[in-house]
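>>> structure of the sequence below:
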Amino acid sequence: MKTKVQFFFKRAEALVALLILSLYHAMAQSAAGIDQATAEVSSYIDPISNLIIAIGAVVGLIGGVRVYIKWQSGDQDTQKSIMGWFGACLFLILVGVVIKAFFV
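Next comes the predicted model:
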């Protein structure tokens, strides 16, 4: 009876050791994959950030033209329009800067 219990525990120890080694191997592979993914994402940050800033500049130009047209036509809503376009432009430019700061 004692030998069966000892055999069971030795088998359980071997199974636990095999499980730990396989988890260690899997973690090593996933760490290499995470490093590769981080490097790949980091290579896209500058172009995406510059694109967002450029979109913010275009939105600012379009907003400036639209506000100028409203102002020339005598619309009473020009201040509200200025704040809306300025807020959108500022948001896009800040998002581009924050993305660059967050990932670099």
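
>>> show me where pLDDT drops low in this structure?
Residues of the chain that meet the criterion pLDDT under 70 lie in 1-2, 5, 26-31, 104.

>>> need the strands for it, in chain order.
For the chain, no strands turn up when DSSP state E is the criterion.

>>> max-length helix in this structure?
For the chain, the longest helix by residue count, based on DSSP state H, is helix 2-72.

>>> mind checking how far it is from the chain centre?
Distance of helix 2-72 from the chain centroid (Cα atoms, centre = their mean, to the nearest Å) equals 9 Å.

>>> start at 589 instead
Noted, 589 is the first residue going forward, which turns the last one into helix 590-660.

>>> what packs against that helix?
If you count contacts as 3 or more Cβ pairs under 8 Å, 6 or more residues apart in numbering; DSSP states H and E, helix 590-660 packs onto helix 666-691. No exception for glycine: its C-beta is placed from N, CA and C like everyone else's.

>>> list the buried ones in the helix it packs on?
Applying a neighbour-count criterion of 16 or more other Cβ atoms under 10 Å, the buried positions in helix 666-691 are Thr666, Ser669, Ile670, Trp673, Cys677, Leu680, Ile681, Gly684, Ile687, Lys688.

>>> with distance to Ile608 added, can I get these in JSON lines?
Converted to JSON lines, the buried residues of helix 666-691 look like this (distance: Cβ to Cβ, whole Å):
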{"residue": "Thr666", "distance to Ile608": "69"}
{"residue": "Ser669", "distance to Ile608": "65"}
{"residue": "Ile670", "distance to Ile608": "64"}
{"residue": "Trp673", "distance to Ile608": "60"}
{"residue": "Cys677", "distance to Ile608": "55"}
{"residue": "Leu680", "distance to Ile608": "50"}
{"residue": "Ile681", "distance to Ile608": "50"}
{"residue": "Gly684", "distance to Ile608": "46"}
{"residue": "Ile687", "distance to Ile608": "40"}
{"residue": "Lys688", "distance to Ile608": "41"}
